[in-house]
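[1] any chance you can model this:
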Amino acid sequence: MNYILFEKDTERIRPFSDLHASFELMTGAFDNFQRLIRSISKNDTIQLFVRQDIEDLIKHKYPDFDVNPDYFEPGVYLNGDCLWYPEDLTLINNNRSYSNINGIVSFHTDSKISLNDLSSYINQQSQVSTKLDSVISIKYLWEIFDILNQSIGLDFSLMNTSKQGNIHPSCIFIKDENIIINDKAIVSAGVVLDASEGPIIIDSNSFIDIGSLIKGPVYIGTNTKINPGTKLNGSVSIGSFCKIGGEVEDSVIQGFSNKQHDGFLGHSYVGEWVNLGANTNTSDLKNNYSKVKVFTKKDDFIDTDKMFIGSIIGDFTRTAIGTKLNTGTYIGVGSNLFDDGFQDKFIPSFSWGKNDRIGLNRFIKSIDKAMNRRNCKMPDTLKNRIIAIYKK
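    Take a look at the predicted model:
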């Protein structure tokens, strides 16, 4: 079978979508693309349909996949903001369209569709469709916090259940049948792994330092370090090459991001290459217990109907020591936060403190240096995309 992952309504998952396709959302132990790859057979194929402004970026990231070809082959079209598991794919029948509360999730066609016609074709499928409410989809980033408990559990079933790492004998395991420790991971003395409320997955080459407390459901990505005494209090998904300390709960931290020191991160979505300075704290609950509004633009907010939301943090953002983030804070790409007191609830991309904007060349040099420290080179496709966002 040929599967086509497509994007739709990506404005509502900004700032993540500024530098990513919707199917790159980390929604458990995997992003939506990785999960689909694990859910299909080896003989199946995948094509990708993305916005033109990130096409070059996605082609560079996924050179082995067909991105925005002139024609898409017949097959099953899948919305990239959905979590696709094997059992969901079996529900898609020939020549039918499917939707849930957030809109179109999938359709099947026996004919080729041109790149120029696909967007309008997707919109047509939205008008007449069969309900498929069992498929999990993400409309806004803060919805991910509500599904991590379920998704990490389902992702656990897609992985090999084993404990192959270097585990200190003083470690405490609670409900160890719900714990995966992959090859070459190290779990140090005095670590407590409590999987009584959800699975714990520690991926390859990760290092869990002395005295950490990890309460599932939790996923810890490859080559990630958990510092001594860290508390991961459930529903936490951490990407690869991160360094994490302090207290984290109900949050996603994408790859190459650091929160090394004490401080609380709750009900927050953290992009890639973010650095949270020592004692950076997020508020995720208002003192009057009212529902949280998130400003996605300076003068435009969304009433989330949720009581717990921390911060939405765009890629390449950095906070100074002691930074205070308000309930429902939105931070764009590449911001540098400092100053006393609570930060504003809406922080535009490339902010420098509360009132200035960082220079473009200065910003590019700084992130190039940060990536070089991790033996990564900033590709021209990423640089060009950053320049385009900056000049908007």
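[2] going forward, measure contacts and count neighbours with C-alpha atoms only.
    Will do.
[3] parallel or antiparallel, which strands does the least confident helix or strand in the chain by mean pLDDT pair with?
    The helix or strand of the chain with the poorest confidence is strand 130-131; it has a mean of 84 (mean pLDDT, DSSP states H and E). Strand 130-131 has these partner strands in its sheet, going by DSSP bridges: strand 97-100 (parallel).
[4] give me the distance from the partner strand to the chain's centre.
    Chain-centre distance of strand 97-100: 24 Å, with CA atoms, centre = their mean, to the nearest Å.
[5] now the element after it, going C-ward?
    Once the chain leaves strand 97-100, the next helix or strand it forms, by DSSP states H and E, is strand 103-109.
[6] please, which helix or strand holds residue 153?
    Residue-wise, residue 153 maps onto helix 144-156 under DSSP H and E.
[7] got the contact list for that helix?
    Residues from elsewhere that reach helix 144-156 (CA atoms under 8 Å, 6 or more residues apart in numbering): 27-30, 35, 138, 198-199, 201, 217-219, 234-237, 250-252, 267-268.
[8] show me these that map onto strands.
    201, 218, 219, 236, 237, 251, 252 (DSSP state E).
[9] who wins on neighbours among these?
    Within the ones in strands among the contacts of helix 144-156, neighbour counts (other CA atoms under 10 Å) peak at residue 218, which reaches 33 neighbours.
[10] correct me, but residue 209 touches residue 227?
    Yes: the pair residue 209 / residue 227 is scored as a contact, 5.2 Å apart, by CA atoms under 8 Å.
[11] where do the helices sit along this structure?
    32-39, 55-61, 86-89, 115-127, 144-156, 360-373, 380-390 (DSSP state H).
[12] export those to a markdown table and tack on mean pLDDT and mean neighbour count?
    Below are these laid out as a markdown table (pLDDT from 0 to 100; neighbours: other CA atoms under 10 Å):
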| stretch | mean pLDDT | mean neighbour count |
| --- | --- | --- |
| helix 32-39 | 96 | 19 |
| helix 55-61 | 97 | 18 |
| helix 86-89 | 92 | 14 |
| helix 115-127 | 87 | 14 |
| helix 144-156 | 96 | 20 |
| helix 360-373 | 94 | 14 |
| helix 380-390 | 96 | 15 |
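[13] quick one: closest of the ones you listed to residue 9.
    helix 115-127 (10.9 Å; CA to CA).
[14] might one say that residue 59 is in contact with residue 69?
    No: Residue 59 is not in contact with residue 69 according to CA under 8 Å; the separation is 10.8 Å.
[15] how many neighbouring residues does the nearest residue to residue 162 once chain neighbours are set aside have?
    Nearest residue to residue 162 in three dimensions, chain neighbours excluded: residue 180, at 5.3 Å (CA to CA, 6 or more residues apart in numbering). Applying other CA under 10 Å, we find 21 residues neighbouring residue 180.
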